[in-house]
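>>> What follows is a predicted protein model with its sequence.
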Amino acid sequence: MLVNLKTLLEDARINHYAVAGFTTPTIDTCEAVLQAAEDMNAPVVIGQAQLYEEFGPIEKFGPVMAHMAEQAKVPVCLHLDHGTSIDYIMKAIKAGYTSVMADFSHLDFEENARIVKMCVTFCHSVGISVEGLVGKMPNVAMVEQAGGDLDLKEFFTKPEEIGRFIELTGADALTVSFGTVHGMTVAKPVLDFVHLTKLHQAAGCALVMHGSSGVEPSQLQKAITYGLTKVNVYTKVSTSAQDAIRDSIRPERPLYYHEIEQIAKRAMTESAKETIALLSNGYQFSD
Ligand code: 13P
């Protein structure tokens with residue numbers, strides 16, 4: 001069933017678990033993740049990220065993903081990840097998305113808040129949830145460019161800005177930066193739990209962690225106890241397909257494309273299930 005993010009995160013808060021938020025740029029990825037959520041009987045967040053538009057046009061795939069979410073046996077939120085322009089956010093809404101991340105964190109605080117407020121006003125009038133981002137999310141390319149020595153604290157969300165951002169915007173959820181990095185699979189990021197405590201105390205809304213692929217499972221589970229109710233994962237699930245495909249290649253026979261798709265989907269389902277098992281804290285959905 002298709003629900004919005006606010007509904008999912010409220011259930012997660014009450015039942016002490018975190019919803020896994022998977023980026024699903026393609027239909028295969030979407031099918032793999034929905035299978036994982038149904039196998040685990042857990043709610044899930046799926047959806048395109050603006051960055052991956054060329055791999056899965058939102059106007060074409062959005063209505064298909066919305067239909068798949070409606071048919072699912074567990075609650076599913078179809079959420080736009082890192083929408084960085086109003087035009088693209090509107091495309092997601094028209095395509096049937098029930099939630100959008102309005103990411104204007106590249107602008108200064110006041111401008112970020114002003115645009116997110118505009119999105120909230122419109123989205124709430126049609127039952128769509130909005131996630132914002134205060135602070136900045138670094139990515140693995142930035143870490144590499146800095147020779148592995150990037151000071152992640154420079155990107156951290158400031159606790160004093162959270163309350164004001166929520167007051168100004170009325171956003172339903174807020175991504176906070178406290179040590180994670182988008183796309184990290186090798187070096188393990190160190191989460192700053194002291195900082196997360198301050199963020200949790202200052203926040204009046206659901207907190208979201210991005211860049212969770214490289215985070216140690218024990219740290220992921222610990223993070224949930226600090227008020228995070230959505231945890232975004234993509235790299236880990238997506239690259240699990242690469243390993244499975246490589247292991248299936250045999251010199252003596254060709255591998256058909258439909259076989260490759262199936263191998264990839266199975267691997268991504270297993271990987272997504274591992275993540276859901278860590279985050280769901282034993283929670284099982286019941287009607
Ligand atoms: P990873 O690819 O590092 O798991 O991050 C995903 C993410 O945060 C999407 O917004």
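Perfect, I can see it now. Numbers count the residues shown, from 1 in each chain.
>>> Identify the residues contacting K222.
Taking Cβ atoms under 8 Å, 6 or more residues apart in numbering as the criterion, K222 is in contact with L191, F193. Where you see a C-beta, it was placed from the backbone N, CA and C, and this is true even at glycine.
>>> Three-state assignment for it, please.
helix (DSSP: H, G, I helix; E, B strand; the rest coil).
>>> That one and the ligand, how far apart?
17 Å (Cβ to the nearest ligand atom, to the nearest Å).
>>> and after the helix or strand of the chain with the lowest mean pLDDT, which helix or strand comes next?
Of all helical and strand segments in the chain, the minimum by mean pLDDT, DSSP states H and E falls on helix 140-145, at a mean of 90. The C-terminal neighbour of helix 140-145 among helices and strands, as given by DSSP states H and E, is helix 159-169.
>>> tell me what that next one is packed against?
helix 109-125, strand 129-134, strand 173-176, helix 193-202 (3 or more Cβ pairs under 8 Å, 6 or more residues apart in numbering; DSSP states H and E).
>>> Please identify the most buried of these.
Comparing those by mean neighbour count (mean count of other Cβ atoms under 10 Å), strand 129-134 comes out on top with a mean of 28.
>>> Mean confidence (pLDDT) on it, please.
Across strand 129-134, pLDDT averages out at 98.
>>> for stretch 105-115, same thing?
Mean per-residue pLDDT for stretch 105-115: 97.
>>> can it be found next to the ligand?
No. Using Cβ under 6 Å from any ligand atom, stretch 105-115 stays clear of the ligand, with a minimum separation of 12.1 Å.
>>> okay if I get the helices and strands packed on helix 159-169 as TSV plus distance to E216?
Compiled in TSV, the helices and strands packed on helix 159-169 are given as follows (distance: least, Cβ to Cβ, whole Å):
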stretch	distance to E216
helix 109-125	31
strand 129-134	23
strand 173-176	19
helix 193-202	13
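>>> can you list contacts of the one helix or strand V33 maps to?
Element membership for V33, per DSSP H and E: helix 27-40. With Cβ under 8 Å, 6+ apart as the test, helix 27-40 has contacts from 20, 22-24, 43-44, 46, 56, 61, 64-65, 68-69, 72-74, 76, 237-238, 261, 264-266, 268-270, 272-273, 276-277, 280.
>>> For the ligand, tell me which of these show up nearby.
Counting by Cβ under 6 Å from any ligand atom, the members of the contacts of helix 27-40 near the ligand are T23.
>>> Relative to H82, which of the helices and strands packed on helix 159-169 is closest?
Nearest to H82, of all these, is strand 129-134, at 8.1 Å by Cβ to Cβ.
>>> so what does that closest one touch, helix or strand wise?
Strand 129-134 sits against helix 5-15, strand 76-83, strand 99-102, helix 109-125, helix 159-169, strand 173-176, with contacts defined as 3+ Cβ pairs under 8 Å, 6+ apart.
>>> in its sheet, what does it sit against?
Strand 129-134 pairs in its sheet with strand 99-102 (parallel), strand 173-176 (parallel), by DSSP bridges.
>>> does the ligand sit close to the last one?
Right, strand 173-176. No. Under the criterion of Cβ under 6 Å from any ligand atom, the ligand is not reached by strand 173-176; the shortest gap measures 8.0 Å.
>>> mean confidence score for that strand?
The pLDDT scores in strand 173-176 average 97.
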